[in-house]
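In: Prediction below, plus the sequence it came from.
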Amino acid sequence: MSISRRTTIFAAFLSLAAAALPAAACRSSGDVAAPTDSTDGADAVDAADSADSAAGDTVTVYVASNGWHSAIVVPRADLPPDALPPDALPEAADFPDAAYLSYGWGDAEYFPTPQKTLAMTLRAALTPTPAVVHVAGLPADPRQVFPEDEVVALAASPRQVAALVAYLDDTFARDGAARLAASEPGLYAFSLFYPATGEFHLFNTCNTWTARGLQAAGWPVRAAGVVTAEELMTQVRPLAARPRASGEGASGAGASGEGAAAP
């Protein structure tokens with residue numbers, strides 16, 4: 001291969017990295033609203049979600065995106081204790097007053113740092129790097145806390161909830177410990193970072209991680225090829241508040257191995 005050809009390919013790859021990483025990297029939501037006691041807006045939607053869950057024996061979970069980063073949000077009070085291992089997600093104890101728990105995954109250097117540098121961006125994009133999981137103990141419905149974000153509600157069966165929680169639990173790099181201590185403060189006053197399994201790079205981003213979790217839980221979401229938040233949300237939007245049909249996706253995650261793979 002000629003030098004000019006190699007230069008062209010390398011320049012194209014850098015252009016892809018420069019364009020895709022800011023869109024796929026784990027950036028925090030810019031606006032965090034103070035929770036209120038209002039009964040309109042998101043409160044009304046939350047009441048409808050709760051009613052639907054009770055009627056259909058489902059739990060409403062959420063996928064949130066600010067256009068760059070995505071996260072999985074679970075309602076703490078609605079998690080069925082009989083469907084979950086007693087020691088699942090022990091780090092949730094760090095957020096005793098949280099109504100919802102938000103989980104996001106990303107590069108251990110890039111994600112927590114407020115001021116991103118070019119060198120940091122290129123390292124995260126071009127080389128596999130260690131990861132962290134960001135846990136936020138939300139004081140209210142995610143649609144209230146992050147009013148500028150896109151938040152999609154998904155109806156989850158008890159089996160889906162158990163699979164999703166198992167996926168989230170496996171994200172923590174406990175190395176045999178019963179519970180992890182936070183590695184550093186989170187992006188918000190109500191969040192913390194923890195060491196995570198997996199390695200971050202341009203083709204294994206926070207959005208890939210979110211897609212893999214939904215796939216592992218049985219939703220018809222394809223994780224392969226997901227880099228940006230929009231590539232994820234395009235698949236999630238049609239699933240809004242729709243319980244998975246019997247048998248749908250049951251073999252997809254396991255057969256491909258993606259659902260069981262470390263994020």
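Out: In hand now; what should we look at?
In: Please make it C-alpha for all contacts and neighbour counts, starting now.
Out: Noted.
In: ranges for the helices of the stretch 101-250 of the chain?
Out: Taking DSSP state H, counting those that start in this stretch, the helices of the stretch 101-250 of the chain run over residues 118-126, 142-145, 158-171, 206-216, 229-236.
In: Quickly list what Ala153 is bridged to.
Out: Tyr62 (DSSP bridges).
In: so it makes contact with Ala240?
Out: Yes: between Ala153 and Ala240 there is a contact under Cα atoms under 8 Å: 5.5 Å.
In: Neighbour count: the two, which is higher?
Out: Between Ala153 and Ala240, counting by other Cα atoms under 10 Å, Ala153 is the more crowded of the two (22 against 16).
In: Contact partners for the more buried one?
Out: Contacts of Ala153 were listed using Cα atoms under 8 Å, 6 or more residues apart in numbering, and they are 60-63, 240-241.
In: I'd like these as JSON lines, with distance to Leu180 appended.
Out: Formatted as JSON lines, the contacts of Ala153 follow (distance: Cα to Cα, whole Å):
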{"residue": "Thr60", "distance to Leu180": "27"}
{"residue": "Val61", "distance to Leu180": "24"}
{"residue": "Tyr62", "distance to Leu180": "24"}
{"residue": "Val63", "distance to Leu180": "24"}
{"residue": "Ala240", "distance to Leu180": "33"}
{"residue": "Ala241", "distance to Leu180": "33"}
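In: so which of the residues you listed comes closest to Pro158?
Out: Relative to Pro158, the closest of the contacts of Ala153 is Thr60; by Cα to Cα it sits at 10.5 Å.
In: Need the three-state assignment for the closest one.
Out: Assigned by DSSP: H, G, I helix; E, B strand; the rest coil, the conformation of Thr60 is strand.
In: can you pull the pLDDT of it?
Out: pLDDT for Thr60: 95.
In: Same question for Gln144.
Out: On the pLDDT scale, Gln144 gets 96.
In: cool, the one 4 residues further on as well?
Out: For Glu148, the pLDDT comes out at 95.
In: what's the answer for His69, then?
Out: For His69, the predicted pLDDT is 93.
In: Touching, it and Thr210? I think so.
Out: No: at 9.6 Å, His69 does not count as touching Thr210 under the criterion of Cα under 8 Å.
In: shared neighbours, these two?
Out: Joint contacts of His69 and Thr210 (Cα under 8 Å, 6+ apart) do not exist.
In: backbone phi and psi for Ala224, please?
Out: Main-chain dihedrals, Ala224, degrees, to the nearest 10: phi -60, psi 130.
In: so how far is Val133 from it?
Out: 20 Å (Cα to Cα, to the nearest Å).
In: before we move on, what about Cys206?
Out: If you go by Cα to Cα, the gap between Cys206 and Val133 works out to 9 Å.
In: what do you get for Thr205?
Out: 12 Å.
In: Spell out which residues are contacts of both of the two.
Out: 105-106.
In: Farthest-apart pair in the contacts of Ala153, please.
Out: Val63 and Ala241 (11.3 Å).
In: more neighbours, the two?
Out: Each of Val63 and Ala241 has its neighbours counted (other Cα under 10 Å); Val63 has more, 25 against 20.
In: quick one on the thing from earlier: which member of the contacts of Ala153 is positioned nearest Met233?
Out: Val63 (8.4 Å).
In: Spit out the contact partners of that closest one.
Out: 70-73, 151-154, 236.
In: In CSV: these, plus distance to Asp97.
Out: Formatted as CSV, the contacts of Val63 follow (distance: Cα to Cα, whole Å):
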residue, distance to Asp97
Ser70, 23
Ala71, 20
Ile72, 19
Val73, 15
Val151, 22
Val152, 23
Ala153, 22
Leu154, 23
Val236, 29
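In: In those residues, find the pair that's most separated.
Out: Pairwise distances across the contacts of Val63 peak at 14.5 Å for Ser70 and Leu154 (criterion: Cα to Cα).
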